[in-house]
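>>> give me coordinates for this.
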Amino acid sequence: QVQLVESGGGLVQAGGSLRLSCAASGSFFSINTMGWYRQAPGKQRELVADITTGGITNYADSVKGRFTISRDNAKNTVYLQMNSLKPEDTAVYYCNAQIQISTGFIRTYAYWGQGTQVTVSS
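The predicted structure is shown next:
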């Protein structure tokens, strides 16, 4: 059973910083792209940032220059450093990972974390 466990959310004032972590555990062949999504009340879930196994990153325009995604492949963990937070960053943040499972042949599945609340007060 594969699990993604997130940590690091909370309440912070505008201009502050938070760091999110997401660790994958269980039995799997490998992890491809890992990323962070967020969903604010009444809005659709949107991509915040993602990172490939080789370290190529991709960011939403709204967070470029403020957020940094990184990963530790040895620990199967992805991080999101969030600086200069704004009230509009308030949302539930979800970790996502494209994980390869071997059951005789290899298939790739998308897994999601349980979500962690980030609230930025003005």
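>>> tell me the centre residue of the chain?
The centroid of the chain falls nearest to residue 36 when counting by Cα atoms, centre = their mean (2.6 Å).
>>> pairing partners for whichever strand or helix holds it, with directions?
Taking DSSP states H and E as the definition, one finds residue 36 inside strand 30-39. Using DSSP bridges, strand 30-39 pairs in its sheet with strand 46-51 (antiparallel), strand 91-102 (antiparallel).
>>> among these, which is nearest residue 71?
strand 46-51 (5.4 Å; Cβ to Cβ). C-beta: built from backbone N, CA, C; applies to glycine.
>>> need the strands for the chain, in chain order.
Secondary structure of the chain by DSSP state E: the strands cover 3-7, 10-13, 18-25, 30-39, 46-51, 57-59, 67-72, 77-82, 91-102, 106-112, 116-121.
>>> would you mind finding the most buried of these?
strand 77-82 (a mean of 22; mean count of other Cβ atoms under 10 Å).
>>> what's the angle from it to strand 30-39?
Counting by axes from the mean of the first three to the mean of the last three Cα atoms, to 10 degrees, strand 77-82 lies at 30 degrees to strand 30-39.
>>> can you put the strands paired with strand 30-39 in JSON lines and add mean pLDDT and distance to residue 3?
As requested, these are exported to JSON lines (pLDDT from 0 to 100; distance: least, Cβ to Cβ, whole Å):
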{"stretch": "strand 46-51", "mean pLDDT": "98", "distance to residue 3": "19"}
{"stretch": "strand 91-102", "mean pLDDT": "96", "distance to residue 3": "10"}
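>>> of those strands, which is nearest residue 110?
Proximity of the strands paired with strand 30-39 to residue 110 was assessed by Cβ to Cβ; the nearest stretch is strand 91-102, lying at 5.9 Å.
>>> thank you, goodbye.
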